[in-house]
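> Make a model of this:
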Amino acid sequence: MVVCICSHCGVDWNGKYIMRIAGPFLFYCAKLLCYGVLLATTAQLARPNVIVTVDGSFNGSTGVAGIAAGWSTPVPLQDVRITALLTNGLAPPASGTAFLTTSIGPGTTLAQLVAQTAVTVSCSVCLQEVTLFTGLNLPAGTYWISFTKPSDSFLSWALSNPAVISTSAGAQYFGFAYLNGGYDPFPAGNSFLIPPDPDIWTLGYDFSVTTVPEPASLYLFIAGFAAILAKRRRSS
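Take a look at the predicted model:
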């Protein structure tokens, strides 16, 4: 109705006229809306990008030795973080070593090793999400997570059943493999039985692979948005 009257009056209906007749209320409402957009967008940019996750209803755990879980990516990944849900079946701490390799099975050697790290579950008879690796830059390819542990350690890997598998960026989940023979001195070199279809069982060992957004993206967005607000304020 207001627009109709003003158009009949020949008033130039533009942004500055709106601000003059509406007063500061409309300006502050617009400001609040802009801040809301900024916060929502910043939160979205800061959220880790999920490449592969396996989780679901907890269904017990098994010792980490002799178990491996695999996935692949068709594109290079930057600043990768890999976690696993581990358990300790007795008095803390439970310790072991995690390995990330590009293959598993006989013939796998240190040449296929991407990273390894010591892991510890500090609580007793509990579940603990443990960060295995951070800051990895991974080329496109296949990757497997495996473990070893001392004979007196009760370090175990949590199972979900049914497992919920999530992938993105073209990643593929290979399921898990289990020991099919004697132990190799290098855990990833064990003789593993790999199911031909990762969906052959409904269970899975819980782990996640994510990439962390670059801080530069957030800084550029915030700086650009602040510049737009400053320019708008000067023009009004």
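
> dump the residue contacts of Val94.
Rather than Val, residue 94 is Ala. Leu86, Thr87, Asn88, Thr120, Val121, Lys149, Ser153, Phe154, Leu155, Ser156 (CB atoms under 8 Å, 6 or more residues apart in numbering). Every C-beta, even on glycine, is put in place using the N, C-alpha and C of the backbone.

> now with 10 Å?
Residues in contact with Ala94, defined by CB atoms under 10 Å, 6 or more residues apart in numbering, are 63-64, 86-88, 119-124, 126, 128, 149-150, 152-156.

> Same question for Tyr183.
Taking CB under 10 Å, 6+ apart, we find Tyr183 in contact with Ala65, Gly66, Thr148, Gly189, Asn190, Ser191.

> again with Gly135
Applying CB under 10 Å, 6+ apart, the residues near Gly135 are Gln78, Asp79, Val80, Arg81, Ala115, Val212.

> nearest to Tyr205, of the residues you listed?
The shortest approach to Tyr205 among those belongs to Arg81, at 17.3 Å (CB to CB).

> Report the strands that pair with the helix or strand harbouring that closest one, each with its relative direction.
Using DSSP states H and E, Arg81 sits in strand 77-88. Sheet partners assigned to strand 77-88 using DSSP bridges are listed as strand 126-138 (antiparallel), strand 155-167 (antiparallel), strand 207-211 (antiparallel).

> pLDDT of it, averaged?
When pLDDT is averaged along strand 77-88, the result is 96.

> Could you do stretch 91-110 as well?
On average, the pLDDT along stretch 91-110 is 92.

> partner residues bridging the spatially closest residue to Asp206 that is not a sequence neighbour?
What sits nearest to Asp206 in space, not counting adjacent residues and going by CB to CB, 6 or more residues apart in numbering, is Leu85, at 3.7 Å. Listed beta-bridge partners, Leu85: Glu129 (assigned using DSSP bridges).

> residue contacts, Leu85?
54-55, 58, 61, 127-130, 156-160, 205-208.

> of those residues, buried ones?
54-55, 61, 128, 130, 156-160, 205-208 (16 or more other CB atoms under 10 Å).

> In the chain, what residue spans correspond to helices?
Secondary structure of the chain (DSSP state H): helices at 2-8, 15-22, 24-46, 215-235.
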